[in-house]
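Participant: Any chance you could fold what I've pasted below:
(one chain, ligands or ions: 1)
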Amino acid sequence: MNINPIQLFDTESSTFTYILVGEDDKSAVIIDAVDHHWERDLAHLKRLGLELAYVLETHAHADHVTAAGKLREVTGAKAAVPAGCGIAPAEVQLNDGDIIRFGKDEQIKVIHTPGHTAGSVSYLWRGNVFTGDTLLIDGCGRTDFQSGSSAALYDSVVGKLFKLPDTTRVWPGHDYKGQSVSTIGWEKEHNSRLAHRSKEDFATLMASLNLPKPRMIDIAVPANQNLGVRPEERH
Ligand code: FE2
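Facilitator: Got it, this is the predicted structure:
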């Protein structure tokens, strides 16, 4: 069977969306869907004859609006989101160690990985970890807003994700350099922000980045806390 996730990309926000297909070839979940791609994602599900069990979020994004609410509406899937992200309309609020079950015997383990945001989680499934903006390929998410913390991000990556087997494949929430998949072993050895760096050095590095405020943050975060349904669309 194919245990590769289906990886989809949004060129506007450089966001990866993932469709995980169960061994039964009938059921799926989607992670971090992007609002204007909901029809693309739905077409994939339909073409492959998949029933969508869950829409999952790694965190409340600041750079794009999620399609979670729209996909939930059109497929009847449930929304499962990190408990610490203030996404109230979801059916399931996820905590560290929770298991999401779908299909015949698929299990996705929730790993709380705060730092990019306080509520961020990663999802572990069949030797693949979906890291959202916690760990990127040769990088990591910023830690300067949304209750971000470089100390927490360091502990999440070095203390939790780097403890996974080296062969675990890393599927990030974004890529800005043209790469799509990595491994824990590679990131542990070569990640230019985190590999072989002390927590103090990492904090100094993150504090010196001086990144601009994300263009979408004031719209995206409130929308995403409502599963992507913007206030003017509520009825
Ligand atoms: Fe993010």
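Participant: which stretches of the protein form helices?
Facilitator: All helices of the chain, identified by DSSP state H, fall at 38-47, 68-75, 150-154, 184-190, 199-207, 217-224.
Participant: quick one, which of the ones you listed is nearest to the ion?
Facilitator: Nearest of the helices of the chain to the ion, taken as CB to the ion: helix 217-224 at 9.1 Å. C-betas here are computed from N, CA, C, even on glycine.
Participant: picking that back up, mean pLDDT added to the helices of the chain, as a markdown table?
Facilitator: Formatted as a markdown table, the helices of the chain follow (pLDDT from 0 to 100):
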| stretch | mean pLDDT |
| --- | --- |
| helix 38-47 | 98 |
| helix 68-75 | 98 |
| helix 150-154 | 98 |
| helix 184-190 | 98 |
| helix 199-207 | 98 |
| helix 217-224 | 95 |
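Participant: Turn those into a markdown table, columns for mean neighbour count and distance to the ion.
Facilitator: Formatted as a markdown table, these follow (neighbours: other CB atoms under 10 Å; distance: least, CB to the ion, whole Å):
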| stretch | mean neighbour count | distance to the ion |
| --- | --- | --- |
| helix 38-47 | 16 | 19 |
| helix 68-75 | 22 | 14 |
| helix 150-154 | 22 | 12 |
| helix 184-190 | 18 | 18 |
| helix 199-207 | 15 | 14 |
| helix 217-224 | 18 | 9 |
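Participant: mind putting these in a markdown table, distance to Thr117 included?
Facilitator: Shown next, in a markdown table, are those (distance: least, CB to CB, whole Å):
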| stretch | distance to Thr117 |
| --- | --- |
| helix 38-47 | 23 |
| helix 68-75 | 16 |
| helix 150-154 | 10 |
| helix 184-190 | 20 |
| helix 199-207 | 14 |
| helix 217-224 | 9 |
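Participant: Show me which residues of stretch 143-163 are buried.
Facilitator: Across stretch 143-163, burial judged by 16 or more other CB atoms under 10 Å covers 143, 146, 148-150, 152-154, 156-158, 160-162.
Participant: Out of these, which one has the weakest pLDDT?
Facilitator: Ranked by pLDDT, those bottom out at Gln146, which scores 89.
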